[in-house]
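> Pasting the sequence and the predicted coordinates here, then a few questions.
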Protein chains: 4
Amino acid sequence: MGTDVDGETARPPGHRALLEAARQEFAEHGYGGTSIRDIAQRAGVSLSALYHYYGGKQELLYTILDEGMDRFRRACDTALAATGDDPGERLEALVEATVRFRAGQRDRSSVELTEDRSLNEEQRAAFRRRQAAASRMFQQVVDDGCARGVFRTPHPADARRAVLAMCNAVSQWYRPEGELTVDDLVERYVSLALTLVEYRPRRARHVG
Amino acid sequence: MGTDVDGETARPPGHRALLEAARQEFAEHGYGGTSIRDIAQRAGVSLSALYHYYGGKQELLYTILDEGMDRFRRACDTALAATGDDPGERLEALVEATVRFRAGQRDRSSVELTEDRSLNEEQRAAFRRRQAAASRMFQQVVDDGCARGVFRTPHPADARRAVLAMCNAVSQWYRPEGELTVDDLVERYVSLALTLVEYRPRRARHVG
Amino acid sequence: MGTDVDGETARPPGHRALLEAARQEFAEHGYGGTSIRDIAQRAGVSLSALYHYYGGKQELLYTILDEGMDRFRRACDTALAATGDDPGERLEALVEATVRFRAGQRDRSSVELTEDRSLNEEQRAAFRRRQAAASRMFQQVVDDGCARGVFRTPHPADARRAVLAMCNAVSQWYRPEGELTVDDLVERYVSLALTLVEYRPRRARHVG
Amino acid sequence: MGTDVDGETARPPGHRALLEAARQEFAEHGYGGTSIRDIAQRAGVSLSALYHYYGGKQELLYTILDEGMDRFRRACDTALAATGDDPGERLEALVEATVRFRAGQRDRSSVELTEDRSLNEEQRAAFRRRQAAASRMFQQVVDDGCARGVFRTPHPADARRAVLAMCNAVSQWYRPEGELTVDDLVERYVSLALTLVEYRPRRARHVG
DNA sequence: TATGAATGAGAATTCATTCAT
DNA sequence: TATGAATGAATTCTCATTCAT
């Protein structure tokens, strides 16, 4: 069981169909409001097949959340790796990665943002650990910016939360069918984020 | 059936106990993950009593969401009524009302923010109409501020969404047991909001 | 509590409304498929009022069936009282009474013909006794006709059942809105009945 | 899923046991008065098994009625196929088939004759269409007999209804444990039916 | 006489899951 | 690996009825 070029886990086709179906159902009806029959049907596989591939409903949820975390982290890491060490630039990178992720993976995001409560304790602990780690990336960048005096916000922690909240909310209202492109969206959110942290570059640097 | 001094609908005690129990259960486990048995038990009434008071699970949800809307609107209206017509002042008022509501009614808020999907079509339409109306209050204030030139944000719509998102997120992380008081919270969020819209008062006005 | 001129039991208005509502509901959905709430609602009275007037669902059923029996018996007795002792004439009288009853009281009839099973044992025994007594009126007339040689059917018992069955069936298909009047109906069924028993009058007597 | 020699649908044993149990319960207590627990218990299967085999209570009812229609039609078709084109002979065939069916399938018959109201609209429409088709077989024979002048009844439509009513009623009173054999019963009902339509054969033909 | 509130038992149905093959 | 059959527990909700006033 390896990973293919897209970073997708390479498994029999049923696997992915089930994960996608589950993701959509969970997003639409919530974990508790979804029956595994709905999932199997949506995926076009038998109930038995579902149990053949996955241990049950909860394992599906965990797999979805975990996979989402993988992707998000990878996206953030990649984005950060391409930047220098300027906090403004780094915040830009994180905001862009987050907005792209939220806009492109809307139902995955809405599951991630509400259904961690439906994991069992162990799974939830693991998931929250990863979430905290992701959050810490933002924190480090913001704190670094403040320490260097380029982020002048008097409320670093709240600004960090606000940036994350506004980016996360994208998954709730953004519609790719609409007129607004993701590129535009990214530009605006980067701008808003830098405003929020009160970014004042040392040198002349043109922002957003 | 009248209303008592708090503006609470005055009904037999079972009613409120059920609403509160339902609100908590829905917040903890989601609508689909909550059984009416759980609700009745938490409220300390019999299952039959639940059905005597309310038409069913969905009616409980709708009542909760509707009541929440009532309260939020009333809070916003009251706050706005106490201000002049300065957009900065008015935005402050809305942010304060929202933050206080989200911090004070955390589980109600989390239900409101995720479980409208569990309403039936008719109820959902009604709820979304009210939600849109509430959102429009923010929009008017922001647009007014931009029109008057005191809000200089180049992205009014996104700034408005960002303000709402960051305020709403308060219900997810704020813990009243913690060190941060709601008053402090309000002060910070007002400051962040004004920063976001790039508030530049005409006259000397000291902000946040 | 007496009886008024129509032979209707004179009780407060709620009584009759309830009986009528129950009769209709039972006819439409069967005894088991009818809820007393449906009955109360159809009658426009409260559930409590229903229990005030009647002991419960089964008592309603029994009252309906019993009352139906009263009426049917009275109709038959009246009809027979107006005839001489010619079996043909007497059979005519019974058929006319039965057809008029079935055509005029269609839902009462359909309840009578199927829902005696829903009575409790005691009630059912009483009802069946009355039913048997009614059936015996037909039997006596048929047997008498055979004994006198004016009914020549070789199968008196089966002919009797057939006459009753065809008359009873009227309640299932006859629609008063249609073109066929009850008078026409009576004429035809009298004719069929006399044919069935192979009526051959002693003297020249013109038959329907 | 094929059909076995009896024309019974060949399904797992639970299927038939459930159908039989449902038929009996419905006949005894009516559709509304029967709980699926009663059915499952009588069939000796679990409640879940019932839902595994059938979609629910109503599907059981429809299956029973539909299957009954199949059998009745097949019986009539077979009987007619064995006759010539003499209307008297054909009416005999239909009466015999009907009486044998009603005497042999008493509880199925009583369900058929009263519980079509408990079908949903679609099912009811389908069932009534089939019922009407069956009724038309009788109508054609009676009309044909009248047209040829061998049935002299002045009321063909009512005679037809009367014949059906008396045959159908057999299911209500006939007891196979009694002294009367089905063969005797058939002979008598054929005789009564021919009397009802006033059969006068062209050639010397000895009737009933 | 009259009635709104209340309820325990039972209704039909769906659930996530296991099993035998 | 793959799957149709099977099921016990739990689901939402309705039932006929009683009670307190």
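In hand now; what should we look at? Numbering: from 1, shown residues only, chains lettered A, B, ... in the order given.
> what about A:Glu115, neighbour count?
Burial of A:Glu115 is recorded as 22 neighbouring residues (other CB atoms under 10 Å in any protein chain shown). C-beta coordinates here come from the backbone N, C-alpha and C atoms, glycine included.
> wait, it sits on A:Leu61?
Yes: using CB atoms under 8 Å, A:Glu115 is in contact with A:Leu61, at 6.3 Å.
> Find residues that contact each of these two.
Taking CB atoms under 8 Å, 6 or more residues apart in numbering or on different chains as the criterion, A:Glu115 and A:Leu61 both touch A:26, A:31.
> which bits of chain A sit near DNA strand E?
If contact is defined as CB under 7 Å from any atom of the strand, the residues of chain A in contact with DNA strand E are A:34-38, A:47-48, A:51, A:56-58.
> Could you pull out the buried residues of stretch A:182-202?
By neighbour count with 16 or more other CB atoms under 10 Å in any protein chain shown, stretch A:182-202 contains the buried residues A:182, A:185-199.
> max-length helix in chain A?
As far as residue count goes, and with DSSP state H defining each element, the longest helix of chain A is helix A:121-148.
> now check it, is it near chain B?
No: shown here: helix A:121-148 not in contact with chain B (CB under 8 Å from any CB of the partner chain), separated by at least 10.3 Å.
> Let me see the mean pLDDT of that helix.
Averaging pLDDT along helix A:121-148 gives 96.
> Would you mark the buried spots in it?
Taking 16+ other CB under 10 Å as the basis for neighbour counts, the residues of helix A:121-148 that come out buried are A:123, A:127, A:130-131, A:134, A:137-139, A:141-146.
> from the residues of chain A next to DNA strand E, which ones fall inside helices?
A:36-38, A:47-48, A:51, A:57-58.
> so which of these is the most crowded?
Counting neighbours by other CB under 10 Å, A:Lys57 comes out on top of those with 19 neighbours.
> Please name the residues that touch that residue.
The contact partners of A:Lys57, taken as CB under 8 Å, 6+ apart, are A:31, A:34, A:36, A:39.
> Which of those sits closest to C:Thr153?
When these are compared for distance to C:Thr153 (CB to CB), A:Ile36 comes out closest, at 67.8 Å.
> Quick one: the residues of chain A next to DNA strand E as a markdown table, columns for pLDDT and distance to A:Arg175 too.
Below are the residues of chain A next to DNA strand E laid out as a markdown table (pLDDT from 0 to 100; distance: CB to CB, whole Å):
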| residue | pLDDT | distance to A:Arg175 |
| --- | --- | --- |
| A:Thr34 | 96 | 23 |
| A:Ser35 | 96 | 28 |
| A:Ile36 | 95 | 29 |
| A:Arg37 | 94 | 29 |
| A:Asp38 | 94 | 24 |
| A:Leu47 | 93 | 33 |
| A:Ser48 | 93 | 37 |
| A:Tyr51 | 94 | 35 |
| A:Gly56 | 93 | 33 |
| A:Lys57 | 94 | 29 |
| A:Gln58 | 94 | 30 |
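> Nearest to B:Ala169 among those residues?
When the residues of chain A next to DNA strand E are compared for distance to B:Ala169 (CB to CB), A:Thr34 comes out closest, at 25.1 Å.
> residue nearest the centroid of chain A?
For chain A, the residue lying nearest the average C-alpha position, counting by CA atoms, centre = their mean, turns out to be A:Phe72 (4.9 Å).
> host element of that one?
In the assignment (DSSP states H and E), A:Phe72 maps to helix A:57-81.
> how far does that helix sit from the chain's center?
7 Å (CA atoms, centre = their mean, to the nearest Å).
> domains for chain A, by residue range?
Described in terms of automatic domain parsing, the domain architecture of chain A consists of the residue ranges A:1-55, A:64-196.
> Return the most buried member of these.
domain A:64-196 (a mean of 18; mean count of other CB atoms under 10 Å in any protein chain shown).
> does DNA strand F sit close to that one?
No: remark: domain A:64-196 sits outside contact range of DNA strand F, by CB under 7 Å from any atom of the strand, the gap being at least 14.0 Å.
> So what would you say the end-to-end distance of that domain is?
32 Å (CA to CA, to the nearest Å).
> now that domain, how far from the centre of its chain.
That offset, for domain A:64-196, works out to 7 Å (CA atoms, centre = their mean).
> Now do the same contact list for A:Thr195.
Listed by CB under 8 Å, 6+ apart, the contact partners of A:Thr195 are B:153, B:195-196, B:198.
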